[in-house]
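sequence and predicted structure are below.
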Amino acid sequence: MPTHFQGDPKIVQALDVFIKLTRAADTVDARLKKRGTMRELTISQFGVLEILYHLGPMPQCKLASRLLKSSGNITLVIDNLEKMGLVQRMADQNDRRVSQIVLTAAGEKLIAEIFPQHAAAIAEEFSILTGTEQRTLGNLLRKLGLQAA
């Protein structure tokens, strides 16, 4: 559904694209949630596990930055993952004010099991687009995301 705003054509076009982008992202997200590939994890919890699985231990502030989350929000996410036994905080040997977030054996086992299924589900969702369309969309989204940078 396009915007109902009447005004400057450039603003109308931008609003229309924004609505489509938001709806598409929400729709794909909802379909992925229905598949259950993230099990009981939230998107943020899954993101933390995935980052630690692929990049290794890192400080909480770096995790927050990668996930575009506030420090308060990422603290809650990590607290909950810690209660679930999936991550643990370890004092940084060089700076004891910094906590390194590390996957536990249970966390590594879980993400190693569910990540391939989730990645396959994402690939299936995007299969409506050709490889060229996916690359074009990726480049356009990167351009949009880096605009302010």
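Here it is on my side, so go on.

now the chain, which segments are flagged as low pLDDT?
Residue ranges of the chain with pLDDT under 70: 1-2, 148-149.

skipping adjacent residues, who's closest to the most centrally placed residue in it in space?
Centroid check for the chain by C-alpha atoms, centre = their mean gives Gly47 as the closest residue, at 5.1 Å. Distances taken as C-beta to C-beta, 6 or more residues apart in numbering put Leu67 closest to Gly47, at 5.0 Å, once the chain neighbours are dropped. In this view, the C-beta of every residue, glycine as well, is placed from N, C-alpha and C.

identify the residues contacting that neighbour.
Residues in contact with Leu67 (C-beta atoms under 8 Å, 6 or more residues apart in numbering) are Ser44, Gly47, Val48, Ile51, Ile74.

who wins for most neighbours among those residues?
Counting neighbours by other C-beta atoms under 10 Å, Val48 leads the contacts of Leu67 with 30 neighbours.

quick one: what helix or strand has that one in it?
Per DSSP states H and E: Val48 is located in helix 43-55.

helices or strands next to that helix in the packing?
Counting contacts by 3 or more C-beta pairs under 8 Å, 6 or more residues apart in numbering; DSSP states H and E, helix 43-55 is packed against helix 60-67, helix 71-83, strand 87-91, strand 99-103, helix 105-126.
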